[in-house]
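Enquirer: Provide a 3D model corresponding to the input given below.
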Amino acid sequence: MKQLLFFITIALLVASCNTPKQEQTEVINIYDTIFQVTASVETTPVVSQLNDDAADDPSVWVNKANPADSRIIGTDKKRGICVYNLNGTERFFYSVGRVNNIDVRYNFNLNGSLIDIVGASNRTTNTITLMKVDPDSGSLTPIHARLLASEVDEVYGFCLYHDKAENKHYAFVNGKNGVLEQWELFATNANLIDGKIVRTMKVGSQTEGMVADDELGNLFVGEEEKGIWKFSAKASADSTRTLVQGSDTLNRNILYDMEGISLYYGSHGKGYLLASSQGNNSYAVFEREGNNAYQGSFSVVDGAVDGSEETDGLDVINLSLGPDFLQGFFIAQDGYNYDGDSLSTQNFKLVPWERIAMAFKPNLLIDTTYQIKK
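Expert: Numbers count the residues shown, from 1 in each chain. Now for the predicted structure:
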């Protein structure tokens, strides 16, 4: 009997040795890793003095009829608004003043005609600048009925919001003292856009980056040395706010200042909130839905074009925009733009979204079909 048990034990040991090993899932500690990606395109540098902090915030306008002919609309906070083709070449320039942050929204109801609009904070006049987008060329035309004069001490951050339930468009503008205004935008009889302040909030200290989620109704505000606050974007809401966990320096991948903020839209409320961690030249990624769980960080390093450092503004688009950006792209302002070994004036860097999505472990969502038409 003992001999039989001995031979059975040996057989089991041999069998276990011959059993194929299961595939091991790669486990990455997101707090110990900043994933690296490279840009494929850069825009024409802004016209400024070599060491000027001039380029600031980009936004993407999608040409619905011809996505490959979409435009990048960026601010030159020394001079005005630059409009670029997707290959990075400058197409138009508008000397409208020292605009800082900029945003795009679609389908504004101008007395029965649906138009796309661009809004920006203008520090020359401490106002909101509003422009209409030509649907064919992507050129811009002023459309504000008057200078929308802000009551904050110095306009700084800016974003637009389309409340789909109300079918109303709003603008948010903040100041360096942490005060935040919500403006309702509306058409005049002269087919221009006017506005009025409908809500005021206080964040605390200096703020800048902001983005509003048209579908989930959230407003994200970056307090530069605190983290990202989440408010309701509804004009009727109070000032209740929550801090996005992992957006402060308790997350060792975050180093202040917290700057540009944008949203990657996906189906069923999925997607991501992206933010610039300027102090360590990286970008933090959080879930768009729920409690906005931190997903990890990435940096844009030297490749076909140089990487990006000390980023102010950024944007991201999930839609397919032609052969060069079949799965959308991420765009960031570059505070130190190099041409080879030579420092140039600032510009914007474009990274195909799939490079970022595939660098993360596990991979991030790629959804080119969902059109929020924000």
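Enquirer: ok so Y283 is a strand residue?
Expert: Yes: when DSSP: H, G, I helix; E, B strand; the rest coil is applied, Y283 is found to be in a strand.
Enquirer: So that it lines up with my notes, have the first residue be 33 from now on.
Expert: In the new numbering, first residue 33, that becomes Y315.
Enquirer: That one contacts L305, doesn't it?
Expert: No: using Cβ atoms under 8 Å as the test, Y315 is too far from L305 to be in contact (10.8 Å). C-beta coordinates here come from the backbone N, C-alpha and C atoms, glycine included.
Enquirer: name the helices or strands packed onto whichever strand or helix holds F140?
Expert: Here F140 is covered by strand 131-142, with elements defined by DSSP states H and E. Using 3 or more Cβ pairs under 8 Å, 6 or more residues apart in numbering; DSSP states H and E, the elements in contact with strand 131-142 are strand 87-93, strand 103-108, strand 112-116, strand 145-154, strand 187-195, strand 211-219, strand 239-244.
Enquirer: where in this structure is pLDDT low?
Expert: When the per-residue scores of the chain are filtered using pLDDT under 70, the ranges that remain are 33-59, 404-406.
Enquirer: what residue is smack in the middle of it?
Expert: Nearest to the mean C-alpha position of the chain, counting by Cα atoms, centre = their mean, stands S294 at 2.3 Å.
Enquirer: who touches it in this structure?
Expert: With contact set as Cβ atoms under 8 Å, 6 or more residues apart in numbering, S294 has these partners: V243, L305, L306, L346, D347, V348.
Enquirer: again, only using 7 Å
Expert: With contact taken as Cβ atoms under 7 Å, 6 or more residues apart in numbering, S294 is in contact with V243, L306, L346, D347, V348.
Enquirer: Return the member of those residues nearest to Y63.
Expert: Compare each of the contacts of S294 with Y63 using Cβ to Cβ and the shortest gap goes to L306, at 17.6 Å.
Enquirer: ok now the helix or strand the residue nearest to the centre of the chain falls within, how far from the chain's centre?
Expert: Assigned by DSSP H and E, S294 belongs to strand 290-297. Averaged C-alpha coordinates place strand 290-297 at 3 Å from its chain's average position (Cα atoms, centre = their mean, to the nearest Å).
Enquirer: Check stretch 60-74 too.
Expert: 16 Å.
Enquirer: what do you get for stretch 396-406?
Expert: The chain centre lies 14 Å from the centre of stretch 396-406; the measure is Cα atoms, centre = their mean.
Enquirer: Quick one: residues in contact with it.
Expert: Residues from elsewhere that reach stretch 396-406, judged by Cβ under 7 Å, 6+ apart: 137-139, 194, 246-247, 297-299, 302-304, 317, 327, 350-352, 359-360, 385-386, 388-389.
Enquirer: Which of those are buried? Put it as a PyMOL command.
Expert: Only the buried members of the contacts of stretch 396-406 enter the following PyMOL selection, criterion being 16 or more other Cβ atoms under 10 Å:
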select buried, resi 137+138+194+246+247+297+298+303+304+317+327+350+351+359+360+385+386+388+389
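Enquirer: so R111 makes contact with S127?
Expert: Yes: between R111 and S127 there is a contact under Cβ atoms under 7 Å: 5.9 Å.
Enquirer: Alpha carbons of stretch 72-85, in PDB - could you do that?
Expert: Coordinates of the C-alpha atoms in stretch 72-85 are reproduced here as PDB (Å, rounded to 0.1, in the frame of the first residue of the first chain):
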ATOM      1  CA  SER A  72       3.700  63.500 -34.100                       C
ATOM      2  CA  VAL A  73       2.900  67.100 -35.000                       C
ATOM      3  CA  GLU A  74       3.700  70.500 -33.600                       C
ATOM      4  CA  THR A  75       2.100  73.900 -34.500                       C
ATOM      5  CA  THR A  76       3.900  76.900 -36.000                       C
ATOM      6  CA  PRO A  77       5.500  78.800 -33.000                       C
ATOM      7  CA  VAL A  78       3.700  81.900 -31.900                       C
ATOM      8  CA  VAL A  79       5.300  85.300 -32.800                       C
ATOM      9  CA  SER A  80       6.800  86.600 -29.600                       C
ATOM     10  CA  GLN A  81      10.100  87.400 -27.800                       C
ATOM     11  CA  LEU A  82      12.200  84.200 -27.400                       C
ATOM     12  CA  ASN A  83      11.600  83.900 -23.600                       C
ATOM     13  CA  ASP A  84       8.000  85.100 -23.600                       C
ATOM     14  CA  ASP A  85       5.300  83.000 -21.900                       C
END
